[in-house]
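Student: show me the folded form of this:
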Amino acid sequence: DGTTIISASGDKTVKLWDAKTGEELRTLNGHSEGVSSASFSPDGTIIVSASGDGTVKLWKVEAFD
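Tutor: Residues are numbered from 1 along each chain as shown. This is a model prediction of the structure:
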């Protein structure tokens, strides 16, 4: 919806940011190595992240509300 930015990080996390203020909203932990990519699904209900640990994780956005 354009209000949240997602980032992947070498510190093994995915972070959600407020697009207007730049404030960190949430940190998602679960990978055991750096996260190389993260993206929202087209409908914005799922986040997918991929890591150097060889895993892909799916995160339900509604769980963060």
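Student: any chance you could map the strands in this protein?
Tutor: All strands of the chain, identified by DSSP state E, fall at 4-8, 13-18, 24-29, 35-40, 46-51, 56-60.
Student: shaky segments in this structure?
Tutor: 64-65 (pLDDT under 70).
Student: quick one, what contacts residue 36?
Tutor: 8, 50, 51, 52 (CB atoms under 8 Å, 6 or more residues apart in numbering). Backbone N, C-alpha and C define where each C-beta goes, glycine included.
Student: ok, now with 10 Å
Tutor: Applying CB atoms under 10 Å, 6 or more residues apart in numbering to residue 36 gives the contacts 8, 9, 10, 49, 50, 51, 52, 53.
Student: nearest spatial neighbour of residue 9, skipping sequence neighbours?
Tutor: residue 35 (5.7 Å; CB to CB, 6 or more residues apart in numbering).
Student: so in terms of bridging, what pairs with the one you found?
Tutor: Beta-bridge partners recorded for residue 35 (DSSP bridges): residue 51.
Student: could you do residue 40 as well?
Tutor: Per DSSP bridges, the residues bridged to residue 40 are residue 47.
Student: could you number the chain from 703 rather than 1 from now on?
Tutor: Will do, 703 is the new start, and the previous item becomes residue 742.
Student: any idea how far residue 723 is from the residue most central in space within the chain?
Tutor: Nearest to the mean C-alpha position of the chain, by CA atoms, centre = their mean, lies residue 716 at 3.9 Å. As judged by CB to CB, to the nearest Å, residue 716 and residue 723 stand 19 Å apart.
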